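Asks: The sequence and its predicted three-dimensional model are supplied below.
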Amino acid sequence: MKSIDHRPAVIVDAVTKRFSLKHTHSMKETFIAWTKRKQLTSDFTALSDMSFVVPEGESVAIMGYNGSGKSTLLKLMSGVLRPDTGKVLTRGHVAGLIEVGAGFHPDLTGRENVYLNAAILGMQKAEIDAIFEQIVDFAEIREFLDQEVKHYSSGMFMRLAFSVAIHVRLDILLVDEILSVGDAPFREKCKLKFEEMIAERKTMVVVSHDMEMVRQLCSRGIVIKRGKLRFDGPIEEAVAYLESEAYQLDD
Ligand SMILES: Nc1ncnc2c1ncn2[C@@H]1O[C@H](COP(=O)(O)OP(=O)(O)OP(=O)(O)O)[C@@H](O)[C@H]1O
């Protein structure tokens with residue numbers, strides 16, 4: 001194997017992320033709490049002193065129960081969130097299938113949205129022209145291309161947004177919950193596309209509760225619980241740990 005394969009693509013270095021939780025839900029409550037000098041918010045630590053490195057070309061699953069901090073971790077890697085302490089470094093173009101379709105405009109057509117979104121993701125017009133057909137073919141929405149996306153079914157919308165995201169220039173792909181996208185045939189197609197990307201030595205960080213899917217796609221698993229890293233190693237061992245009593249008891 002060439003040494004270039006071992007350069008880090010993602011470095012997560014001693015990262016802590018806190019959120020502020022509100023304890024009032026109306027102006028009146030806020031006012032009463034304020035007059036009584038009660039605390040209006042408290043800090044919640046979503047990620048605590050987390051460190052790991054993902055080398056270029058590796059495919060890693062981030063696993064853990066609901067609320068353990070997986071999506072927060074991906075958002076830090078994509079740059080949507082910033083850590084309170086520590087550092088997150090990435091090398092190359094990062095594409096996130098995190099809030100798929102977030103940049104889509106309902107009043108624009110499918111075609112216009114492809115151009116708009118690919119441009120937001122850093123592509124020039126000529127580059128988009130070159131991949132346009134692939135994007136449309138993958139999404140399988142050709143006959144609706146010139147319709148405004150507000151008239152699309154939610155599945156059609158997701159297919160198009162997803163297709164744009166995976167066809168743009170990228171070195172690191174962040175994927176949050178693959179299974180939420182599309183029906184079974186489309187999911188299978190996405191899986192094949194991911195396998196193709198892995199063969200091309202793209203770096204992938206995948207968040208999923210689907211153990212079969214992560215087993216097939218990833219070689220390494222990072223298990224977290226309540227914002228702390230509990231296990232980092234080969235995918236089979238990570239799945240076994242997540243399903244073990246040790247994970248449930250681990251505090
Ligand atoms: N913007 C926010 N403000 C306040 N709390 C937040 C915010 N985003 C996430 N959290 C909290 O951080 C914790 C971790 O959330 P996160 O979405 O990262 O979990 P997850 O592991 O992806 O969960 P799931 O499996 O349910 O998707 C949760 O307790 C959540 O309520």
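Replies: That came through fine.
Asks: what about the nearest residue to residue 21 once chain neighbours are set aside, neighbour count?
Replies: Of all residues beyond its chain neighbours, the one nearest residue 21 is residue 44 (5.0 Å), with distances taken as C-beta to C-beta, 6 or more residues apart in numbering. Bear in mind the C-beta positions are built from the backbone N, C-alpha and C, glycine included. For residue 44, the tally of surrounding residues (other C-beta atoms under 10 Å) stands at 11.
Asks: who touches residue 44 in this structure?
Replies: Neighbouring residues of residue 44 by C-beta atoms under 8 Å, 6 or more residues apart in numbering: 18, 19, 20, 21.
Asks: average pLDDT for the strand or helix carrying residue 51?
Replies: Per DSSP states H and E, residue 51 falls inside strand 41-55. Throughout strand 41-55, pLDDT has a mean value of 93.
Asks: Next, the buried residues of the following helix or strand past it.
Replies: Once strand 41-55 ends, the next helix or strand along the chain (criterion: DSSP H and E) is strand 59-63. Buried residues in strand 59-63, defined by neighbour count with 16 or more other C-beta atoms under 10 Å: 59, 60, 61, 62, 63.
Asks: try stretch 200-207
Replies: 202, 203, 204, 205, 206, 207.
Asks: What is the nearest of these to residue 190?
Replies: residue 206 (11.3 Å; C-beta to C-beta).
Asks: give the contact list for that closest one.
Replies: 59, 60, 61, 62, 175, 178, 213, 214, 217, 218.
Asks: give me the number of residues near residue 50?
Replies: 23.
Asks: tell me the contacts of it?
Replies: Applying C-beta under 8 Å, 6+ apart to residue 50 gives the contacts 12, 14, 15, 16, 73, 86, 224, 227, 228, 229.
Asks: what is the orientation angle of the helix or strand in which the first one is found with strand 59-63?
Replies: When secondary structure is defined using DSSP H and E, the element that contains residue 12 is strand 8-22. What separates the directions of strand 8-22 and strand 59-63 is an angle of 20 degrees, with axes from the mean of the first three to the mean of the last three C-alpha atoms, to 10 degrees.
Asks: Can you tell me what sits against strand 8-22?
Replies: Residues outside strand 8-22 that contact it (C-beta under 8 Å, 6+ apart) are 40-58, 69, 72-73, 76-77, 81, 83-92, 171-172, 203, 205, 227.
Asks: which of those residues count as buried?
Replies: Buried subset of the contacts of strand 8-22 (neighbour count, 16+ other C-beta under 10 Å): 46-48, 50, 52, 54, 56-58, 69, 72-73, 76-77, 81, 83, 86, 88, 90, 171-172, 203, 205, 227.
Asks: how much space between residue 224 and the ligand?
Replies: Taking C-beta to the nearest ligand atom, to the nearest Å as the measure, residue 224 falls 7 Å from the ligand.
Asks: From the ligand, how far off is the residue nearest to residue 195 when sequence neighbours are not counted?
Replies: Excluding the flanking residues, the one nearest residue 195 by C-beta to C-beta, 6+ apart is residue 217, at 7.1 Å. Residue 217 sits 18 Å away from the ligand when distances are taken as C-beta to the nearest ligand atom.
Asks: Before I go, just wanted to say thanks for your time.
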